[in-house]
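Student: task: produce atomic coordinates for the following.
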Amino acid sequence: MGITRRRLARLAVLGAGLGAGLGLPGCSVGGPAPDPVPGTPEPLRVAYGSDPSQWAELHLPAGDAAGLGVVVVLHGGFWRSAYGADLGTPLAVDLANSGVAAWNVEYRRVGNGGGWPATFEDVAAAVDALAGLPAPVAARLDLGRVVTLGHSAGGHLATWLAGRPKLPAGAPGAGPGVRVRGVVSQAGVLDLVAADAVDLGGGAAAALLGGSAEGHPERYLLASPTALLPLGVPVVCVHGTADRNVPLAQSVGFARAGRLVGDPVELVELAGVDHFAVIDPRTDAWRRCREAARRLLA
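Tutor: Residues are numbered from 1 along each chain as shown. Here you go, the predicted structure:
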């Protein structure tokens, strides 16, 4: 992958107008988990590595239906250790209640061993771990129908996972064992160069990648979903117009760039919706995300 200052500058242009929403510390609160449908099995927790943060929980719907599509849930929090997979649990429960399997992923974050390349290696390994689940569980899943869904920093990771087939050999996450067929980005940080340029989240991108885009251009080009376009799979960017944590311009810029290179990117702008409504199962904002995920699985 060729790295040039000119190419890096072109990516940064997509961040023009990202001055809103700077400095807010994270993406923390959603809503409570709904009650599981009667007969729903207990979530299955699986370690995909030896670190305490390397695990995921599989939420299956009630019944014994097979051929289930899988939604991989990736929580936000500006990639920082203050936030964890408990943010994704309400979404995973609601997805299982709607009849699909949900794989709620924890990963190493900045402050507990994460950052470059560990965070990327973890989410890639977590998705690939779907292929190694116990036989009775694996028999219910259709790994040809895997969609990623992530909020904020998790939206970045969800979209980056779809770009793994484009990564050069030896790069973190290259050579996917399980491929993603679609993405739902919930107020995702999709252009890390632009995020670094405006110090989004108080330097969150630089903390994730170990420095600035100017200092580490290779890392940003391997880690930023915008830099990996075209992804070759549909992406639905759901973003509230009242989001003060991750500016709407992140999704607008990604959608524009994706369409220019032929990717089927859908932009869903939610009028008056803030950063957290999309992870509250009680809201219409979340229902739009859930239905987008189910549509991508179809």
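
Student: so where do the strands sit in the stretch 101-250 of the chain?
Tutor: 101-105, 141-151, 182-186, 235-240 (DSSP state E, counting those that start in this stretch).

Student: can you give the strand pairings for the second one, parallel or anti for each?
Tutor: Spelled out, it's strand 141-151. strand 68-74 (parallel), strand 182-186 (parallel) (DSSP bridges).

Student: including distance to Gly49 and mean pLDDT, could the strands of the stretch 101-250 of the chain go into CSV?
Tutor: C-beta here means a position set from N, CA and C on the backbone, and glycine is covered the same way. Shown next, in CSV, are the strands of the stretch 101-250 of the chain (distance: least, C-beta to C-beta, whole Å; pLDDT from 0 to 100):
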stretch, distance to Gly49, mean pLDDT
strand 101-105, 12, 98
strand 141-151, 19, 98
strand 182-186, 23, 99
strand 235-240, 27, 98
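
Student: so which of those is the most packed in?
Tutor: The highest average neighbour count among these, using mean count of other C-beta atoms under 10 Å, belongs to strand 182-186 at a mean of 31.

Student: what's next to that strand, contact-wise?
Tutor: For strand 182-186, contacts defined as C-beta atoms under 8 Å, 6 or more residues apart in numbering pick out 147-152, 154-156, 158-159, 161-162, 231, 233-239, 251, 254, 278-279, 289, 292-293, 296-297.

Student: which is the next helix or strand following the helix or strand bottoming out on mean pLDDT in the chain?
Tutor: Lowest on mean pLDDT, DSSP states H and E among the helices and strands of the chain sits helix 5-13, with a mean of 40. Where DSSP states H and E defines the elements, the next helix or strand beyond helix 5-13 is strand 44-47.

Student: chain center to that following strand, what's the gap?
Tutor: Distance, stretch centre to chain centre, for strand 44-47: 19 Å (C-alpha atoms, centre = their mean, to the nearest Å).

Student: again, but for stretch 165-180
Tutor: Stretch 165-180 sits 16 Å away from the centroid of its parent chain (C-alpha atoms, centre = their mean).

Student: report the contact partners of Pro134.
Tutor: Pro134 neighbours (C-beta under 8 Å, 6+ apart): none.

Student: gap between the spatially closest residue to Lys166 that is not a sequence neighbour and Val189?
Tutor: Nearest residue to Lys166, sequence neighbours excluded (C-beta to C-beta, 6 or more residues apart in numbering): Leu228, at 5.3 Å. Separation of Leu228 from Val189 (C-beta to C-beta, to the nearest Å) stands at 14 Å.

Student: more neighbours: the two, which one.
Tutor: Legend: neighbour count by other C-beta atoms under 10 Å for Leu228 and Val189, higher for Val189 (33 against 20).

Student: check contacts around the more buried one.
Tutor: Contacts of Val189 (C-beta under 8 Å, 6+ apart): 78, 152-153, 155-156, 195, 200-201, 204-205, 246, 250.

Student: roughly how far apart are it and Gly88?
Tutor: 16 Å.
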